[in-house]
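Visitor: Sequence unavailable; structure follows:
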């Protein structure tokens, strides 16, 4: 296994089930809006670049070309070669692009900032969700507040002069009902 931290993170993402490998799975993940980042091999064909751009537009996903060849990506992912892959986890995506930005800040810097912001928003939503679930388990509710005062209550509605029930509280029906 290579010592490159980016390839190591890709291997972890694969083990975690957060990676789609190949054009068809990547396209499906992008169309389903599950993909967070699409990565291309440095030696990918021009048609593969065009398809990655199309997937990125269709799923509103960021796509980048990596400095790794198809054989290097394939080796880490247990295949002979890999030209295109998609990460479906925001945290993995942000970490990988930050490592790429450390190597080439001009090329990957803006993408790293964009994905880090997305990852921070996801973490904040997860914290809020955990706190909400904790509050539900403990039975916490919103603090009590007095009901708002009503100005000038409307007069009560006019009721029928007929009694609703007969002796003993039973409801009168049919022929026993008084007109």
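Guide: Arrived safely, thanks for sending. In this text, all values refer to a predicted model and were calculated from it rather than measured experimentally.
Visitor: Let me know the pLDDT of the nearest residue to residue 5 once chain neighbours are set aside.
Guide: Computed as CB to CB, 6 or more residues apart in numbering, the closest residue to residue 5 that is not its neighbour in sequence is residue 99, at 5.5 Å. C-betas here are computed from N, CA, C, even on glycine. Here the pLDDT value assigned to residue 99 is 94.
Visitor: So which bits of the lengthiest helix in the chain are buried?
Guide: Scanning the chain for the helix with the most residues, using DSSP state H, yields helix 105-138. Residues of helix 105-138 classed as buried by neighbour count (16 or more other CB atoms under 10 Å): 108, 111-112, 115-116, 118-119.
Visitor: Can you get me a residue count around residue 17?
Guide: Neighbour count of residue 17, defined by other CB atoms under 10 Å: 9.
Visitor: my guess is it is in a strand, correct?
Guide: No. Secondary structure of residue 17 (DSSP: H, G, I helix; E, B strand; the rest coil): coil, not part of a strand.
Visitor: how about stretch 48-58: buried residues?
Guide: 48, 51-52, 55-56.
Visitor: Reformat those residues as TSV; add secondary structure, distance to residue 88 and pLDDT.
Guide: Putting the buried residues of stretch 48-58 into TSV (DSSP: H, G, I helix; E, B strand; the rest coil; distance: CB to CB, whole Å; pLDDT from 0 to 100) gives the following:
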residue	secondary structure	distance to residue 88	pLDDT
48	helix	19	95
51	helix	18	95
52	helix	16	94
55	helix	13	94
56	helix	14	91
